[in-house]
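Student: give me a model of this one.
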Amino acid sequence: MHSQFSVVTIVKNRTHQLTNLIANLERASQPPAELIIVWMAPPSDKSLMQSEVFTIQHRFVTSEELPIAQARNKGFASASHDRVIHLDVDCLCHPQLFEAMMKYWQDDTILTDNVIPVRLLEDGDTFEHLASAPDLHVTTSGKSNMHINRFQSSVFGLSKQVFEDIGGFDEQYHGFGIGDIDFATRCHAAGIKLRRLDISTFIQHRANYDFPINHLLDIVTNANLFKRKWGYFPATEWLGEFVAHGYVNADFETQGLAIRRMPSEDEIYAALQGVHDITDDAQPYNRPLADNDGTGSVEHMNSPEHVNSPEPDNNVAPRNKNATQQVSQILTA
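Tutor: Model (predicted):
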């Protein structure tokens with residue numbers, strides 16, 4: 001079985017999550033040949049971490065406060081193998097995720113899985129503990145659940161050559177938001193497919209991702225860049241919320257996106273705690289990539305301007321009793 005693959009993660013301050021991730025990878029049924037950690041911070045004692053199971057390469061990018069695109073690109077460029085899997089640093093993967101990915105690997109396909117947010121990730125936490133604690137799983141509905149069936153950069157596997165052919169993540173985007181959508185849109189334009197395996201990864205829930213007003217400046221700047229590149233605005237569910245709360249102009253589709261007011265400290269605090277009112281008139285998200293229906297089938301990426309929002313999936317959180325059965329079906333299919 002193919003075992004020569006690289007895992008890439010990027011990190012700034014979340015070092016205990018990094019320790020959890022390394023331990024999680026070491027327990028995988030098919031560990032990676034190497035882990036590439038790209039630090040968005042200066043070297044420290046933490047950037048000396050090593051593993052007895054696989055090689056760890058430490059790389060650094062510190063050109064700006066949050067150089068996400070540069071860090072991801074550096075991680076892929078540093079990979080020694082063509083098969084590369086990107087994981088957010090707070091991921092805890094099913095032990096057989098990589099085995100399943102290697103079985104279904106195709107160079108013209110992005111592989112991902114079901115990413116399940118959890119309320120709390122503690123030092124030393126494990127996939128097995130989180131799988132057996134459904135009370136920690138965050139199962140949302142409505143607009144805050146709209147991303148479940150789409151490309152998400154938290155977990156994805158893609159050929160290094162294909163990644164380089166499409167130009168990686170566009171480093172014109174700075175900070176939080178929109179860069180992932182641009183990347184997915186370019187994958188769609190290149191004919192890349194998306195396949196979501198019926199297996200799960202846990203990740204720390206971040207309430208502000210539903211309403212990220214603490215990243216308002218980044219999102220507005222990046223959304224205007226996306227509009228200049230592609231001719232339409234992305235992430236319109238976020239922009240619709242910003243309009244409804246008076247942060248940006250309502251006529252942005254014709255007049256361009258501009259900030260009308262900055263959020264107050266109280267508003268930012270409420271968003272970070274997940275305490276805010278989601279309006280009913282926010283526009284749907286422009287989804288460049290459509291995944292499979294959970295059964296292992298593969299679809300071509302849908303055109304972003306002709307994709308409807310998926311129905312809420314209130315059963316996304318797995319239960320420990322059937323997790324093994326699901327994985328067995330994937331690996332024996």
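Student: can you tell me which strand in the protein is longest?
Tutor: For the chain, the strand with the greatest residue count under DSSP state E is strand 193-204.
Student: how about that one as CSV, C-alpha atoms only?
Tutor: C-alpha atoms of strand 193-204 as CSV (Å, rounded to 0.1, in the frame of the first residue of the first chain):
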residue,chain,number,x,y,z
LYS,A,193,-13.0,16.9,-8.7
LEU,A,194,-13.8,16.7,-5.0
ARG,A,195,-14.4,13.5,-3.2
ARG,A,196,-15.5,13.4,0.4
LEU,A,197,-14.8,10.1,2.2
ASP,A,198,-17.4,8.9,4.8
ILE,A,199,-14.9,9.2,7.6
SER,A,200,-14.5,12.0,10.2
THR,A,201,-12.0,14.4,11.6
PHE,A,202,-12.6,16.5,14.7
ILE,A,203,-11.5,20.2,14.9
GLN,A,204,-11.9,23.0,17.4
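Student: paired strands for that strand, with orientation please.
Tutor: Here strand 193-204 is paired, per DSSP bridges, with strand 92-93 (antiparallel), strand 109-118 (parallel), strand 299-300 (antiparallel).
Student: kindly compare burial across the ones you listed and name the winner.
Tutor: Most buried of these by mean neighbour count (mean count of other CB atoms under 10 Å) is strand 92-93; its value is a mean of 26. The way it works is simple: take the backbone N, C-alpha and C, and place the C-beta from them, glycine included.
Student: quick one: mean pLDDT for that strand?
Tutor: Strand 92-93 carries an average pLDDT of 98.
Student: quickly find the element holding residue 176.
Tutor: For residue 176, there is no helix or strand it lies in under DSSP states H and E.
Student: for residue 37, same thing?
Tutor: Using DSSP H and E, residue 37 sits within strand 34-39.
Student: avg pLDDT for that strand?
Tutor: On average, strand 34-39 scores 97.
Student: give the next helix or strand downstream of that strand.
Tutor: Next helix or strand after strand 34-39 toward the C-terminus (DSSP H and E): strand 55-60.
Student: by contact count, what packs against that following strand?
Tutor: If you count contacts as 3 or more CB pairs under 8 Å, 6 or more residues apart in numbering; DSSP states H and E, strand 55-60 packs onto strand 34-39, helix 68-78.
Student: just the angle between that strand and strand 34-39, please?
Tutor: For strand 55-60 against strand 34-39, the angle by axes from the mean of the first three to the mean of the last three CA atoms, to 10 degrees is 20 degrees.
Student: sheet partners, orientation included, of strand 55-60?
Tutor: strand 34-39 (parallel).
Student: helix or strand with the lowest mean pLDDT in the chain?
Tutor: Least confident helix or strand, the chain: strand 299-300 with a mean of 40, by mean pLDDT, DSSP states H and E.
Student: outside of the longest helix along the chain, which residues touch it?
Tutor: Criterion DSSP state H: the longest helix present in the chain is helix 216-230. By CB atoms under 8 Å, 6 or more residues apart in numbering, the residues outside helix 216-230 that reach it are 172-179, 181-182, 185, 212, 233-235, 238-239, 242, 247-248, 256-259, 262-263.
Student: looking at it, residue 62 is touching residue 44, isn't it?
Tutor: No. Using CB atoms under 8 Å as the test, residue 62 is too far from residue 44 to be in contact (11.9 Å).
Student: who's more crowded, the two?
Tutor: Per other CB atoms under 10 Å, whichever of residue 62 and residue 44 has more neighbours is residue 62, with 14 against 9.
Student: and the pLDDT at the more buried one?
Tutor: Taking residue 62 on its own, its pLDDT is 78.
Student: and it, that's in a helix?
Tutor: No. Looking at residue 62 with DSSP: H, G, I helix; E, B strand; the rest coil, it is coil, so not inside a helix.
Student: off-centre distance for the longest helix of the chain?
Tutor: Relative to its chain's centre, helix 216-230 lies at 19 Å (CA atoms, centre = their mean, to the nearest Å).
Student: what mean pLDDT does that helix get?
Tutor: pLDDT averaged over helix 216-230 gives 96.
Student: buried ones in that helix?
Tutor: 216, 218-227, 230 (16 or more other CB atoms under 10 Å).
Student: and the furthest pair within the residues you listed?
Tutor: By the measure CB to CB, 216 and 230 form the most distant pair in those, at 21.0 Å.
Student: distance to residue 158 added to the strands paired with strand 193-204, as TSV?
Tutor: Shown next, in TSV, are the strands paired with strand 193-204 (distance: least, CB to CB, whole Å):
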stretch	distance to residue 158
strand 92-93	16
strand 109-118	5
strand 299-300	16
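Student: between the helix or strand harbouring residue 266 and helix 216-230, how big is the angle?
Tutor: Secondary structure from DSSP H and E places residue 266 in helix 265-272. Angle of helix 265-272 versus helix 216-230, following the same axes, to 10 degrees, is 70 degrees.
Student: so where's the chain shaky on pLDDT?
Tutor: By pLDDT under 70, the low-scoring segments of the chain are 1-2, 63, 140-149, 207-210, 274-333.
Student: ok, 50 please
Tutor: Counting by pLDDT under 50, the low-confidence segments of the chain come to 1, 141-149, 278-333.
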